[in-house]
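>>> Structure for the following, please:
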Amino acid sequence: MYAELLAFFTAVCNKDAELCRGIVDAEADLHFNEGELVFSLVGLYQVLSLQPGFPALGYAEFRRRLYASRLNSDLALMGAQIVVMASSGKVDSSLYRLTQRSTSIR
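Here you go, the predicted structure:
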């Protein structure tokens, strides 16, 4: 699952046209806002579970594996990160944003 998850976010960071069109057309809680991907974990799961080659997992297992992963560390190598955009107090209904990491010059 992790390879497919990282490939998905890498494609979004690289602005893969076909994938981005699919996100715009998706009826999940996943969309672009000011050019950045905004999503709930449920919305991310719904879109990824429809991707060819994504393993058949229940939502709870998907979430467990996601939180056990090194996703933000690997995204940081590409200059990106996932941040909480709007916390509802519950991880399933909070909104997250895939954004470019800010760089500071020292």
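>>> gap between the two ends of stretch 30-38?
In stretch 30-38, first residue to last residue: 6 Å (C-alpha to C-alpha, to the nearest Å).
>>> and residue 97, how many residues sit next to it?
16 (other C-beta atoms under 10 Å). (Each C-beta comes from the backbone N, C-alpha and C, glycine too.)
>>> Confirm for me that residue 6 is in contact with residue 74.
Yes. Residue 6 is within contact range of residue 74, at 5.8 Å (criterion: C-beta atoms under 8 Å).
>>> hang on, residue 3 is in a strand, isn't it?
No. Counting by DSSP: H, G, I helix; E, B strand; the rest coil, residue 3 is not found in a strand; it is helix.
>>> Go through the least confident helix or strand in the chain by mean pLDDT and flag the buried ones.
Least confident helix or strand of the chain, by mean pLDDT, DSSP states H and E, is helix 17-25 with a mean of 82. Going by neighbour count (16 or more other C-beta atoms under 10 Å), the buried part of helix 17-25 is 19, 20, 23.
>>> Quick check: the residue nearest to residue 57 when sequence neighbours are not counted vs residue 31, distance?
Leaving aside its chain neighbours, residue 57 sits nearest to residue 1 (6.4 Å; criterion: C-beta to C-beta, 6 or more residues apart in numbering). For residue 1, the distance to residue 31 equals 23 Å [C-beta to C-beta, to the nearest Å].
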